[in-house]
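Enquirer: Take a look and give me a structure for this.
(2 chains)
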2 protein chains.
Amino acid sequence: METRTDVNEFGEFGLIEHLTKYFVDQNPTTVKGVGDDAAVIDNNNLTTVVSTDMLVEGIHFDLMYSPLKHLGYKAVVVNLSDIYAMNAVPGQITVSLAISNRFSVEALDELYSGILAACEYYKVDLVGGDMTSSPKGMVISVTAIGSAPKENLVYRNGAKAGDLICISGDLGAAYIGLQILEREKQLFLDDPNLKTDLEDQQYIIGRQLKPEARWDIIKAFRDSGLIPTSMIDVSDGLASEIFHLCKQSKTGAIVEESKIPLHPDTETMALKFQLDPVTCALNGGEDYELLFTIDPNDLGKVRTMDDIFIIGEMVEAEGGIKLKTTSGNLHTMKAQGWKHF
Amino acid sequence: METRTDVNEFGEFGLIEHLTKYFVDQNPTTVKGVGDDAAVIDNNNLTTVVSTDMLVEGIHFDLMYSPLKHLGYKAVVVNLSDIYAMNAVPGQITVSLAISNRFSVEALDELYSGILAACEYYKVDLVGGDMTSSPKGMVISVTAIGSAPKENLVYRNGAKAGDLICISGDLGAAYIGLQILEREKQLFLDDPNLKTDLEDQQYIIGRQLKPEARWDIIKAFRDSGLIPTSMIDVSDGLASEIFHLCKQSKTGAIVEESKIPLHPDTETMALKFQLDPVTCALNGGEDYELLFTIDPNDLGKVRTMDDIFIIGEMVEAEGGIKLKTTSGNLHTMKAQGWKHF
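Expert: The predicted structure is shown next:
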């Protein structure tokens, strides 16, 4: 009998590793292939940085509560975030779209008004794409192209034991925002006349529906002359991203629970949902903050920057990846991360 | 009442034009945005060329007759074809994939073995992508990144009246191949015990299932020092591509029906299907040949190249876009092109 292995046995990253293991880079211009936030291509002078993400209706977004304009904005932002996570600056995007015939031109106008708003705010150009029909639902695939001088690029693999682990903002809000939206959707489906109660949670709902990419942090790095030793953006939750940095840098890490930044609204609402706020930060995802490590000698440069929280330290690989609880205990961290299949 | 405009009122190109009309390029590195085979980004030295295509199950491919390995190969080739159509050389691709859980790892292995075969044959590197689940079916989005010295790039808008119109190979076979596959699928659905009869049509079925991109033509251009005045690849049918070149170059064209290259198998099978072979060439699509124009002074360079057919001439815009029949009559050409919605 033919073997049938379920894709869930691998998970996203395992599956990508499995499927790409026979691919060998052939071009001297390919500086970095699969396995970082973005690919890096050499042009002698500047390097080109390329990242791509696909958003699928029913998996990544629900049009019952995602306004199309926000969706267009977010589809761009999540890709730009990957370019910034290389310490590069995005310049162009392509947008490919598959849509069923239930979408009108007016609906697409809404979507593109969000894409345009993101292009204008982040100063990137829409330079191409594809548009096709789909038997059902909407799929958006965005590719972002950026550039950086080669010596400025920051990969996932440059951290060393002793480096400080930093994060650019609070975590977990996007996940809690999603919980509120899902709850309201369910209540609406049960009784369409019921008034929605978003509990005035603009901040956390905004973190879910209209995230921003941290270009201001990249600018602050440039202004202060700081180049992090490793960097990644938080799309799958802090724990998963810490694991990526440690795996590729061949280090361990200690993250201090008490230092993980949480917005007060996130804490309040997490407790209402009977969720541990720190677990939301560790495993929630979609915060699009920058997680990076710095040489301890660069501490002075980071101290003067807004919005930077030092949450732990890289250690030797033998030390493992640990969460130091507020009571001082060390627990082995688990990365749930992404589970879409 | 809210207006609801059906997307079919615009068609693909009209819709793209409509949706992107408010986008203004902001970056000096953006040499060419929406509206050619690929976008062009300046790096001072080499220019980067980016193209992206999305293939949707049930729209662009049918897994009942598309082997997954061929599908992977084709998904890469159609993108590389766009890069070659800029007279550039592809170096890297990204592949994003949305799949429902009906696909096993073994099925994805098949798909990626085709992607790998294309990468190896065309010497491009897989440098990134995304992998996600889909509620239903498969969507593949490929982005190809290439490069070329700026002065070598060939756009759609450089043709002038008097330029010769050339094509790199025979047309219509991919469309007839699809007709055979569709017929056999229908017969199989009606009676699964019936033996399929592909009538030994390897050539035309191969043109549909495993097309190739014409890197050999780009190499021949380089070897002979020829730079076409305009170029596009034939994905939507000859008529549609002629219209693109004329519209962007602000010219008319006369195409001679008798000069349009047709493979003997295409002619034979078209007649069996009671189709006009020339109509298949004009409106069939998916041939991935290069359609280009040259200055008449470069005729000598083209004469020595294999596989180049001169099929007509660019004229002043007032002349319109005409097909000169074998009997010598001039008919206004119609571009059906792409109709997926």
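Enquirer: So which residue is smack in the middle of chain A?
Expert: The structure's chain A has its C-alpha centroid closest to A:Ser235; by C-alpha atoms, centre = their mean the separation is 2.4 Å.
Enquirer: Let me see the contact set for that one.
Expert: A:Ser235 sits next to A:Val78, A:Ser81, A:Glu241, A:Gly285, A:Glu286, A:Asp287, A:Tyr288 when contact means C-beta atoms under 8 Å, 6 or more residues apart in numbering or on different chains. All C-beta spots, glycine's among them, are computed from the backbone N, C-alpha and C.
Enquirer: Could you do A:Tyr84 as well?
Expert: Neighbouring residues of A:Tyr84 by C-beta under 8 Å, 6+ apart: A:Pro90, A:Ala213, A:Arg214, A:Trp215, A:Ile217, A:Ile218, A:Asp233, A:Leu290.
Enquirer: how about a cut-off of 10 Å?
Expert: By C-beta atoms under 10 Å, 6 or more residues apart in numbering or on different chains, the contact list for A:Tyr84 reads A:37-38, A:49, A:51, A:90, A:122, A:144, A:146, A:154, A:168, A:213-219, A:221, A:231, A:233, A:288, A:290.
Enquirer: Look up the closest residue to it, ignoring the ones flanking it.
Expert: Nearest residue to A:Tyr84, sequence neighbours excluded (C-beta to C-beta, 6 or more residues apart in numbering or on different chains): A:Ile218, at 5.0 Å.
Enquirer: what's downstream of whatever helix or strand that neighbour lives in, the next helix or strand?
Expert: Secondary structure assignment for A:Ile218, by DSSP states H and E: helix A:215-224. Downstream of helix A:215-224, the first helix or strand assigned by DSSP H and E is strand A:230-233.
Enquirer: before we move on, back to that, so which bits of the helix holding A:Ile218 are buried?
Expert: Going by neighbour count (16 or more other C-beta atoms under 10 Å in any protein chain shown), the buried part of helix A:215-224 is A:Trp215, A:Ile217, A:Ile218, A:Ala220, A:Phe221.
Enquirer: Pick out whichever of the residues you listed sits closest to A:Asp42.
Expert: Among these, A:Ile218 lies closest to A:Asp42 (C-beta to C-beta), at 20.7 Å.
Enquirer: So the residue nearest to the centre of chain A, which state does it fall into?
Expert: Of the three states, A:Ser235 takes coil under DSSP: H, G, I helix; E, B strand; the rest coil.
Enquirer: Give me the phi and psi angles of it.
Expert: The phi/psi pair for A:Ser235 (degrees, to the nearest 10) reads phi -110, psi -30.
Enquirer: Could you measure from it over to A:Val49?
Expert: Applying C-beta to C-beta, to the nearest Å, the value for A:Ser235 to A:Val49 is 17 Å.
Enquirer: Name the helix or strand for the residue nearest to A:Ser141 when sequence neighbours are not counted, please.
Expert: Nearest non-adjacent residue to A:Ser141, counting by C-beta to C-beta, 6+ apart: B:Ser141, 3.8 Å away. According to DSSP H and E, B:Ser141 maps onto strand B:138-149.
Enquirer: Show the contacting residues for the residue nearest to A:Tyr84.
Expert: With C-beta under 10 Å, 6+ apart, A:Ile218 has these contacts: A:83-90, A:148, A:152, A:154, A:168, A:231, A:290.
Enquirer: Redo these as a markdown table? Include pLDDT and secondary structure.
Expert: Putting these into a markdown table (pLDDT from 0 to 100; DSSP: H, G, I helix; E, B strand; the rest coil) gives the following:
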| residue | pLDDT | secondary structure |
| --- | --- | --- |
| A:Ile83 | 94 | helix |
| A:Tyr84 | 96 | helix |
| A:Ala85 | 95 | coil |
| A:Met86 | 94 | coil |
| A:Asn87 | 94 | coil |
| A:Ala88 | 92 | coil |
| A:Val89 | 91 | strand |
| A:Pro90 | 91 | strand |
| A:Ala148 | 88 | strand |
| A:Asn152 | 91 | helix |
| A:Val154 | 94 | coil |
| A:Ser168 | 97 | coil |
| A:Met231 | 96 | strand |
| A:Leu290 | 97 | strand |
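Enquirer: Adding distance to A:Thr30, write these out as JSON lines.
Expert: Converted to JSON lines, the contacts of A:Ile218 look like this (distance: C-beta to C-beta, whole Å):
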{"residue": "A:Ile83", "distance to A:Thr30": "17"}
{"residue": "A:Tyr84", "distance to A:Thr30": "21"}
{"residue": "A:Ala85", "distance to A:Thr30": "19"}
{"residue": "A:Met86", "distance to A:Thr30": "15"}
{"residue": "A:Asn87", "distance to A:Thr30": "19"}
{"residue": "A:Ala88", "distance to A:Thr30": "16"}
{"residue": "A:Val89", "distance to A:Thr30": "20"}
{"residue": "A:Pro90", "distance to A:Thr30": "19"}
{"residue": "A:Ala148", "distance to A:Thr30": "16"}
{"residue": "A:Asn152", "distance to A:Thr30": "19"}
{"residue": "A:Val154", "distance to A:Thr30": "18"}
{"residue": "A:Ser168", "distance to A:Thr30": "29"}
{"residue": "A:Met231", "distance to A:Thr30": "20"}
{"residue": "A:Leu290", "distance to A:Thr30": "25"}
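Enquirer: Under the pLDDT cut-off, which ranges of the stretch 101-250 of chain A? List them.
Expert: Applying pLDDT under 70 to the stretch 101-250 of chain A flags residues A:199.
Enquirer: show me where it has strands.
Expert: For the stretch 101-250 of chain A, applying DSSP state E, counting those that start in this stretch gives strands covering A:125-133, A:139-149, A:164-167, A:230-233.
Enquirer: quick one: which of those strands is nearest A:Pro296?
Expert: Nearest to A:Pro296 among the strands of the stretch 101-250 of chain A is strand A:164-167; the distance by C-beta to C-beta comes to 5.8 Å.
Enquirer: That closest one: partners in the sheet, and parallel or antiparallel?
Expert: Each strand paired with strand A:164-167, and its direction, by DSSP bridges: strand A:290-294 (antiparallel), strand A:309-316 (antiparallel).
Enquirer: Can you tell me which of the ones you listed is most buried?
Expert: Among the strands paired with strand A:164-167, ranked by average contacts under mean count of other C-beta atoms under 10 Å in any protein chain shown, first place goes to strand A:290-294 (a mean of 27).
Enquirer: May I have whichever helix or strand comes after that strand as CSV, with CA atoms only?
Expert: Sequence-wise, the next helix or strand downstream of strand A:290-294 (DSSP H and E) is helix A:299-303. The C-alpha coordinates for helix A:299-303 follow below in CSV (Å, rounded to 0.1, in the frame of the first residue of the first chain):
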residue,chain,number,x,y,z
LEU,A,299,23.3,48.2,26.0
GLY,A,300,23.9,52.0,26.2
LYS,A,301,22.5,52.5,22.7
VAL,A,302,19.4,50.5,23.5
ARG,A,303,18.7,52.3,26.8
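Enquirer: What's opposite the nearest residue to A:Ser134 once chain neighbours are set aside in the beta bridge?
Expert: In space, and not counting its chain neighbours, A:Ser134 is closest to A:Ala98: 3.8 Å by C-beta to C-beta, 6+ apart. Judged by DSSP bridges, the bridge partners of A:Ala98 are A:Thr132, A:Val139.
Enquirer: surely A:Ala98 meets A:Leu108?
Expert: No: counting by C-beta atoms under 10 Å, A:Ala98 does not reach A:Leu108; the two are 12.0 Å apart.
Enquirer: Between those two, which contacts overlap?
Expert: Common contact partners of A:Ala98 and A:Leu108 (C-beta under 10 Å, 6+ apart): A:Met131, A:Met138.
Enquirer: So A:Asp190 versus A:Glu184, what's the distance?
Expert: Separation of A:Asp190 from A:Glu184 (C-beta to C-beta) stands at 11 Å.
Enquirer: Sorry, slip of the keys, the one I care about is A:Gly320.
Expert: To A:Glu184, A:Gly320 is 40 Å away according to C-beta to C-beta.
Enquirer: Of those two, give the one with the bigger neighbour count.
Expert: Shown here are A:Gly320 and A:Glu184; by other C-beta atoms under 10 Å in any protein chain shown, A:Glu184 has more neighbours (19 against 14).
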